[in-house]
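Trainee: take this sequence and fold it.
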Amino acid sequence: YRRGNELIYLVSDLGATFGTPGRSWPKERAKDNLESFSSTKFLRGVKEGKVDFQAPARPGWEYAVNPKEYIRRIHLEHIGQNIPVADAKWLGQVMSRLSMAQIQDAFRAAGYSPEEIAAFSKLVEDRIIVLTDL
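Mentor: Residues are numbered from 1 along each chain as shown. This is a model prediction of the structure:
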């Protein structure tokens with residue numbers, strides 16, 4: 001949003017970011033799921049100067065019962081594919097400017113428990129390193 005001449009960017013749903021890379025059933029498994037987030041691959045691969053991220057992922061078979069939603073989700077897969085390595089590395093470099101305290105503060109502000117704050121923050125830090133090391 002805009003405050004005077006300043007643009008303010010914010011994440012409005014932190015939990016949706018830290019769960020499964022696609023839709024899940026039951027819905028509660030998709031958000032704020034430390035186990036799922038920590039076991040999910042971050043990158044699908046790096047090939048010919050392009051990065052493919054794991055998210056957004058293809059929706060699970062259980063969403064095939066809603067063909068309209070399933071097809072809509074399939075068409076979102078391209079968002080995380082064919083990203084130039086230089087762009088992904090740049091993002092990692094920008095994010096690497098965040099201190100661990102700042103990352104933890106984001107989770108704290110979202111109401112995560114101290115254990116979740118520590119675990120999610122470490123995973124974010126690890127993924128930033130993956131990007132900067134590309």
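Trainee: okay, A106: pLDDT?
Mentor: With respect to pLDDT, A106 has a value of 89.
Trainee: and the strand or helix carrying it, what does it pack onto?
Mentor: Counting by DSSP states H and E, the element that carries A106 is helix 100-109. Where contact means 3 or more CB pairs under 8 Å, 6 or more residues apart in numbering; DSSP states H and E, helix 100-109 is packed against helix 114-132. For the C-beta atoms, the positions are set from N, CA and C on the backbone; glycine is no exception.
Trainee: residues in contact with the helix it packs on?
Mentor: Residues outside helix 114-132 that contact it (CB atoms under 8 Å, 6 or more residues apart in numbering): 18, 32, 34, 37-38, 42-43, 88-89, 91-93, 95-96, 98, 100, 103-104, 107-108, 112.
Trainee: for PyMOL, what selects the buried ones among these?
Mentor: Those of the contacts of helix 114-132 that count as buried under 16 or more other CB atoms under 10 Å are selected in PyMOL with:
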select buried, resi 18+32+34+37+43+88+91+92+95+98+103+104+107+112
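Trainee: can you show me the helices along this protein?
Mentor: Taking DSSP state H, the helices of the chain run over residues 14-17, 34-39, 67-74, 85-95, 100-109, 114-132.
Trainee: and A55, how far is that from R44?
Mentor: Using CB to CB, to the nearest Å, A55 is found at 9 Å from R44.
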